[in-house]
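**Q** I would like the atomic coordinates for the input below:
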Amino acid sequence: MDSTTKILWQKARAGDREAYDQLFRLHADRALLFIRARLGSRLRAKVESGDVLQEAYLAAHQAFANFDYTDDAAFLRWLCRIIDNRIRDLGDHFAAQKRQPAPLPHSEPTGPFTALDRALNREKIAQALDHLSDDHRQVLLLRYFEGLSAEETGARMDRTAGAVRKLTARALAELWKLL
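**A** Next up, the predicted model:
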């Protein structure tokens, strides 16, 4: 049986605008959480997570024809890479003391009660992620948002796969305590 992501991707690729919108809404909460965790306190003081998401959506829209579904997590991994590039660009922008871009409007893609519940849960998780050490936050982002294996995460963090597994377990335990 095909997954929701795959079905929506197929329909969106065929030109179904509603399926396209649903595909992005389906992954919006995790994308926002990824943004919040990746921004860090300095950038978070200068830009809103929703603005970064909107800019990432624009970049994703322009590159959508190049995305190919390979598995259920492929779309979120692809979107997180786009977000990561956008955040890197923002960091470079502010480091070079260029003018700050005007914020883009943000709207909730769901009903008011669902949106409120998601926002409250997202805020709890984001606050807990803010209190994690940089290594703990980074390992969780790489493993659970970018979908990297322990070996791939180890290569990015200059650690062994075993060390990444232990670090992930400690990070999850710490996150659980904070929640």
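
**Q** from here on, contacts and neighbour counts on C-alpha atoms
**A** OK.

**Q** Am I right that Leu178 is in contact with Lys124?
**A** No. In this structure Leu178 lies outside contact range of Lys124 using Cα atoms under 8 Å: 9.0 Å.

**Q** What strand or helix carries Asp89?
**A** helix 74-95 (DSSP states H and E).

**Q** Give the buried residues for that helix.
**A** Residues of helix 74-95 classed as buried: 74-84, 86-87, 90 (neighbour count, 16 or more other Cα atoms under 10 Å).

**Q** And the contacts of it?
**A** With Cα atoms under 8 Å, 6 or more residues apart in numbering as the test, helix 74-95 has contacts from 5, 27, 31, 34-35, 38-39, 43, 52-53, 55-56, 59-60, 67, 69, 99-100, 145-147.

**Q** where do the helices sit along this protein?
**A** For the chain, the helices defined by DSSP state H occupy 4-13, 17-26, 28-44, 49-63, 74-95, 112-130, 134-140, 150-157, 161-178.

**Q** Can you add mean pLDDT and give these back as JSON lines?
**A** Formatted as JSON lines, the helices of the chain follow (pLDDT from 0 to 100):
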{"stretch": "helix 4-13", "mean pLDDT": "93"}
{"stretch": "helix 17-26", "mean pLDDT": "92"}
{"stretch": "helix 28-44", "mean pLDDT": "87"}
{"stretch": "helix 49-63", "mean pLDDT": "90"}
{"stretch": "helix 74-95", "mean pLDDT": "88"}
{"stretch": "helix 112-130", "mean pLDDT": "74"}
{"stretch": "helix 134-140", "mean pLDDT": "91"}
{"stretch": "helix 150-157", "mean pLDDT": "93"}
{"stretch": "helix 161-178", "mean pLDDT": "88"}
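
**Q** Ala19: which of the buried residues of helix 74-95 is nearest?
**A** Proximity of the buried residues of helix 74-95 to Ala19 was ranked by Cα to Cα; the top entry is Phe75 with 13.9 Å.

**Q** Now do that closest one against Thr168, distance only.
**A** Separation of Phe75 from Thr168 (Cα to Cα, to the nearest Å): 23 Å.

**Q** So what's the residue count around the nearest residue to Arg165 once chain neighbours are set aside?
**A** Closest residue to Arg165 apart from its sequence neighbours, by Cα to Cα, 6 or more residues apart in numbering: Ala150 at 6.4 Å. Counted with other Cα atoms under 10 Å, the neighbours of Ala150 add up to 21.
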